[in-house]
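K.L.:
generate a structure from the sequence data that follows.
(one chain, ligands or ions: 2)
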Amino acid sequence: MKDCLFCRIVKREIPSEIVYEDEEILAFKDISPQAPVHLLWISKRHIEGLDEIAAQDQLLIGKILLKISEYAQKDEELASGYRVCTNIGLDGGQTVRHLHFHLLGGKVLEPKMA
Ligand code: AMP
Ligand code: ZN
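P.N.:
Ligands and ions are numbered 1, 2, ... in the order given. Got it, this is the predicted structure:
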């Protein structure tokens, strides 16, 4: 999508620190990290959010979670745990309407989720 921030990152129109890439998925460092490790995992294809996924997306969503798990297993900073979350819509605090999973870790995370 033309004016979508994360689509522009996929197209390299906006710089980012990429940590993982394949034909369908991109992962890059969050510009405003909330933890020592704070990565954003996205589908390269524009999907607005978890509220917009369809049956045809289930393999892709599963693959993103698998790649996050594989990445985390290799990162020593994440050996004692981490958090994966996605915000949805206004009440969910989603500021970028392109589906993304936050991977947070490298410290003891706040137990509060809301
Ligand atoms: P959310 O609030 O769940 O929609 O998350 C959007 C995330 O994108 C926030 O954590 C922002 O810090 C992050 N972000 C915004 N702009 C950029 C950018 N240019 N590069 C990397 N991360 C970004
Ligand atoms: Zn997009």
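K.L.:
tell me which residues of stretch 21-33 come out buried.
P.N.:
For stretch 21-33, the neighbour count (16 or more other Cβ atoms under 10 Å) marks 25-28, 30 as buried. Any C-beta I mention is one placed from the backbone N, CA and C, and that applies to glycine too.
K.L.:
now, among these, which is nearest to ligand 2?
P.N.:
Distance ranking of the buried residues of stretch 21-33 against ligand 2, using Cβ to the ion, places Leu26 first at 10.8 Å.
K.L.:
rewinding a little: and ligand 1, which of the buried residues of stretch 21-33 reach it?
P.N.:
Filtering the buried residues of stretch 21-33 for proximity to ligand 1 (criterion: Cβ under 6 Å from any ligand atom) leaves Asp30.
K.L.:
neighbours of Ala114, how many?
P.N.:
Counted with other Cβ atoms under 10 Å, the neighbours of Ala114 add up to 4.
K.L.:
next, the contact list for it, please.
P.N.:
Contact analysis of Ala114 by Cβ atoms under 8 Å, 6 or more residues apart in numbering lists nothing.
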